[in-house]
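Trainee: A predicted structure for the sequence below; I have some questions about it.
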Amino acid sequence: MNYLDFFVAVLLANAIPHFIFGLAKVRFLGLFGYTATGNICYALFQFAIAICLFIYQYGIAKLFANGFVLGTMLVLLLYFIFGRLLLVRFQKK
């Protein structure tokens with residue numbers, strides 16, 4: 001493991017709560033402020049940086065061979081795709 005692996009993991013893991021708090025409209029400090037839109041943008045920014053760092057370090061072919069990164073990316077992508085739907089469906093009114 002090297003320092004880029006550490007930063008990839010930190011960025012992917014940190015993107016998940018920022019995205020969830022952004023969807024739920026919870027005030028949570030991110031790079032782009034306290035707003036829901038700012039947190040969603042920050043999550044997407046972290047996701048993009050993490051993927052770029054991983055591809056820089058190992059190449060795009062290794063992206064699909066690394067189970068930890070692939071699993072984390074899958075969870076985050078599922079939140080990106082279904083997060084709003086799940087929040088609307090299961091949030092108490």
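Mentor: All right, it came through fine.
Trainee: can you count the residues close to residue 8?
Mentor: Per other C-beta atoms under 10 Å, the neighbour tally for residue 8 reads 24. The way it works is simple: take the backbone N, C-alpha and C, and place the C-beta from them, glycine included.
Trainee: buried ones in the helix or strand harbouring it?
Mentor: Assigned by DSSP states H and E, residue 8 falls within helix 3-23. Buried residues in helix 3-23, counted by 16 or more other C-beta atoms under 10 Å: 5, 8-9, 11-12, 14-16, 18-23.
Trainee: and the closest residue to residue 5 other than its chain neighbours, what does it touch?
Mentor: Spatial nearest neighbour of residue 5, excluding adjacent residues (C-beta to C-beta, 6 or more residues apart in numbering): residue 57 at 7.4 Å. Going by C-beta atoms under 8 Å, 6 or more residues apart in numbering, residue 57 touches 2, 4-5, 8.
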